[in-house]
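[1] show me the folded form of this:
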Amino acid sequence: MGYILGVNAPPTLRQAEQCPFGGHDPSACLLDERGRVVAMEEQERISRQRYGVFEDPTDAIGACLEIAGVSLGDIDVVAVGWDVPRVAAITGEGWSFGSTDAYLRRLGFDPAVHRPELVFVEHHRAHAASAFYAAGLPEAAVLVMDGNGEDESISVFHGRPSGELVRRDRMPQSRSLGDMYAAVSRHLNLGLLNAGKTMGLASYGRGRDWIRSRCSTRRGVRSSRTMRTCGRKRSCRRGGAIWRGWRPSV
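    Predicted structure coming up:
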C-alpha cells in the first residue's frame, strides 16, 4: 500500500461559497504506508487568506507532496473529512457515478492518469477519531461539538479497546452550540469564524450576577440553594439524556 492523503475540503462539487457546509480551514495531511504522519499543511499558510474560506486545499496538498518527495501518482487513498454524497443529498446537489472523478479533479488529480480510492468519512467521526486515536487511551467516551456535521451538531462516541468508534447518540443542528457562538460573535461584530474570541471574552462575564437576579424563593428572598440549582436544571435535563444508558466497560 502506498501513501494516504487526508484532506479537509469543501464537501461540494459546486463553487464552495454555494455550499453551507465546511467552507473554511482547508488542509491536507499525508501518511506513509505504515500510517505515520509525513507532512501536514493548511491552505491558509500558503494562500495567505485567513481561514482559507471557500478555498480548495490544492496548495496544501502540493506542499505535503513536496515535503515527502512524492507525487500524486504515489497516493493510493484519499480520505475526505466529510460524507460528501450525504451532504449532496441534504443540499439537493445530487451525487452520480461521475461525481467521484469530478471531486478528485477538484483536489488536483487527473483520474484518467491516476485514480486513487476516494473515501468519505463522516465529519463528526473524523473529529472523534483524531481525539480518540491520539489520546493513547484503550477506551474512552468521545464528545464532539461543533457548528455542524452533515446533519448533526453534537455526537457521542464510544471508543472501544478494539479501536472501533461506535456512535451512541447525536443531536441535530438546531441544537448547535457552534451556531450559537457564531451568532453572538456576529452580533458583537467580531467577524467571520471568530467564535474563539467570544469564548475567550466569556471568562470575563458576570453570569453569577445574572443568575442571582433571577433566582428567588416564593417570598422574594434569595436562596443560595436556589441560585445554585435553578440555572442548571433545564440544561441538565436536556444534556443528561444523551449520556444516559451507557458507560464504557471497565
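
[2] endpoint to endpoint, stretch 134-154 covers what distance?
    End-to-end distance of stretch 134-154: 20 Å, with CA to CA, to the nearest Å as the criterion.

[3] what do you get for stretch 68-79?
    End-to-end for stretch 68-79, by CA to CA: 18 Å.

[4] chain center to that stretch: distance?
    Centroid displacement of stretch 68-79 relative to its chain, using CA atoms, centre = their mean, to the nearest Å, is 24 Å.

[5] which parts of that stretch are buried?
    70, 72, 74-75, 78-79 (16 or more other CB atoms under 10 Å). (C-beta placed from N, C-alpha, C; glycine too.)

[6] I'd like those residues as TSV, with distance to Cys29 and secondary structure appended.
    As requested, the buried residues of stretch 68-79 are exported to TSV (distance: CB to CB, whole Å; DSSP: H, G, I helix; E, B strand; the rest coil):
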residue	distance to Cys29	secondary structure
Val70	14	coil
Leu72	15	helix
Asp74	15	helix
Ile75	12	strand
Val78	11	strand
Ala79	9	strand
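
[7] which single one of these is nearest to Phe97?
    Ranked by distance to Phe97 (CB to CB), those are led by Val78 at 17.6 Å.

[8] now do the contacts for that closest one.
    By CB atoms under 8 Å, 6 or more residues apart in numbering, Val78 lies in contact with 4-7, 104, 107, 109, 116-119.

[9] got the phi and psi for Ala39?
    phi -160, psi 150 (degrees, to the nearest 10).

[10] so which strand or helix has the closest residue to Leu13 other than its chain neighbours?
    Among residues not flanking Leu13 along the chain, Ala102 sits closest, at 5.4 Å (CB to CB, 6 or more residues apart in numbering). If you go by DSSP states H and E, Ala102 is part of helix 99-106.

[11] quick check: bridge partners of the spatially closest residue to Val70 that is not a sequence neighbour?
    Counting by CB to CB, 6+ apart, the nearest residue to Val70 once its immediate chain neighbours are dropped is Tyr3, at 6.1 Å. Counting by DSSP bridges, Tyr3 forms beta bridges with Ile75.

[12] ok, Tyr3 - contacts?
    30-33, 38, 68, 70, 74-76.

[13] of those, closest to Asp169?
    Leu31 (30.2 Å).

[14] can you give me phi and psi for that closest one?
    phi -110, psi 140.

[15] could you do Phe157 as well?
    phi -120, psi 150.

[16] and it, how far from Leu165?
    5 Å (CB to CB, to the nearest Å).

[17] quickly list what's touching both of the two.
    In contact with both Phe157 and Leu165: 125, 128, 132, 142, using CB under 8 Å, 6+ apart.

[18] which helix or strand contains Ala183?
    Counting by DSSP H and E, Ala183 is part of helix 177-187.

[19] does anything pack onto that helix? Which helices or strands?
    Packing partners of helix 177-187 (3 or more CB pairs under 8 Å, 6 or more residues apart in numbering; DSSP states H and E): strand 152-159, helix 195-202.
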